[in-house]
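[1] All I have is the shape, not the residue letters:
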């Protein structure tokens, strides 16, 4: 099976600084797989997602990122999105003056320039997706994330996932700040939108979302690299006992800044 995403010994830093935050990440995600990355605060999990997406704030110092067999290091975030990579932001930004519906239509057209779907049908699709996420229709007429609750912001990210149907969906702490009902709705829609040709990279602190979305692989991420891989049982063990399993089995000491 050929890899959809292959990360090879990836090292990266904040562009204006000298210290690597990613310290040799290796990861292979095949088509249709769900991978979860768990790790303590400050370990670099979110940085990995931004580097995959091409955020110019970060600079790759060595290694490579291959998508469908081709290096994407020279591509802009927009070009990566057009290839089929989607990133849901941990803290979505507020944008005054642009309504959600307008933004969603523009995003769809940008990623799918050859799709001839009419505006009428696209609007109908967007409204259906919003309803499935328990969002009121007036939500779509509000400015992007302005005055949104934490749950509304996370649901808007999943709405984009459902509309754009990317090949690779990177969900960066999509469960943070959600109450149990919002978590269930978000997870149910992720499962609904997930198809056999879509892969998911789910970054999280907590095991609870994995009660709804069952990963094929769980990776433990410590100090800028993946140090352990298992299945959902590994996530449950971390939930029960913390990262002591890492310290015990690998002899890795987790610093206070990572706890």
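    The structure has been received and is ready for your questions. Remember, it's a predicted structure, so these values are computed and weren't measured experimentally.

[2] measure residue 80 to residue 171 for me?
    Distance, residue 80 to residue 171, using CB to CB, to the nearest Å: 16 Å. The C-beta positions use only the backbone N, C-alpha and C, and glycine is treated the same way.

[3] where do the strands sit along the stretch 51-200 of the chain?
    Remark: strands assigned in the stretch 51-200 of the chain by DSSP state E, counting those that start in this stretch are 58-67, 70-71, 85-88, 95-99, 143-144, 168-172, 199-204.

[4] What pairs with the first one, parallel or antiparallel?
    Strand 58-67 has the following sheet partners, assigned by DSSP bridges: strand 3-14 (antiparallel), strand 70-71 (antiparallel).

[5] could you give me the average pLDDT of the shortest one?
    Model confidence over strand 70-71 averages 98 on the pLDDT scale.

[6] Pull the residues that contact that strand.
    64-65 (CB atoms under 8 Å, 6 or more residues apart in numbering).

[7] What lies in contact with stretch 33-45?
    So stretch 33-45 is in contact with 4, 21-23, 27, 29, 48, 172, 194, 199-205, 207, 210, 213-224, 226, 235, 238, 243, 254, 257-259, going by CB under 8 Å, 6+ apart.

[8] again, only this time at 6 Å
    Contacts to stretch 33-45, defined as CB atoms under 6 Å, 6 or more residues apart in numbering, come from residues 21-22, 29, 199-203, 215-222, 224, 238, 257-259.

[9] Would you mark the buried spots in that stretch?
    33-40, 43-45 (16 or more other CB atoms under 10 Å).

[10] Over to stretch 208-221?
    So for stretch 208-221, counting by 16+ other CB under 10 Å, buried means 209-210, 213, 215, 217-221.

[11] I'd like to know how far the closest residue to residue 150 other than its chain neighbours sits from residue 153.
    Using CB to CB, 6 or more residues apart in numbering and skipping residues adjacent in sequence, the residue nearest residue 150 is residue 177, 4.0 Å away. Distance of residue 177 to residue 153, given as CB to CB: 8 Å.

[12] Who has more neighbours out of those two?
    residue 153 (19 against 15; other CB atoms under 10 Å).

[13] Got the phi and psi for the closest residue to that one other than its chain neighbours?
    Distances taken as CB to CB, 6+ apart place residue 92 nearest to residue 153, at 4.7 Å, with adjacent residues excluded. Per-residue torsions, residue 92: phi -60, psi 140 (degrees, to the nearest 10).

[14] wait, isn't residue 92 in contact with residue 152?
    No - judged on CB atoms under 6 Å, residue 92 makes no contact with residue 152 at a distance of 9.6 Å.

[15] ok, now which ones touch residue 31?
    Residue 31 makes contacts with residue 4, as judged by CB under 6 Å, 6+ apart.

[16] okay, it: pLDDT?
    For residue 31, the model assigns a pLDDT of 96.

[17] what do you get for residue 249?
    Per-residue confidence at residue 249 stands at 77 (pLDDT).

[18] Now it: phi and psi?
    Torsion angles, degrees, to the nearest 10, at residue 249: phi -80, psi -30.

[19] now swap in residue 227 and tell me
    For residue 227, the backbone dihedrals are phi -110, psi -10 (criterion: degrees, to the nearest 10).

[20] And the helices in the stretch 101-250 of the chain, which stretches?
    For the stretch 101-250 of the chain, the helices defined by DSSP state H, counting those that start in this stretch cover 119-132, 150-164, 180-193, 232-241, 244-250.

[21] of all the ones you listed, which lies closest to residue 109?
    helix 119-132 (8.5 Å; CB to CB).

[22] remind me which residues of this protein are low pLDDT?
    Counting by pLDDT under 70, the chain contains low-confidence ranges at 1, 252-259.

[23] thinking again about what came up before, now the helices of the stretch 101-250 of the chain in TSV, with distance to residue 139?
    TSV is the format used below for the helices of the stretch 101-250 of the chain (distance: least, CB to CB, whole Å):
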stretch	distance to residue 139
helix 119-132	6
helix 150-164	7
helix 180-193	14
helix 232-241	32
helix 244-250	41
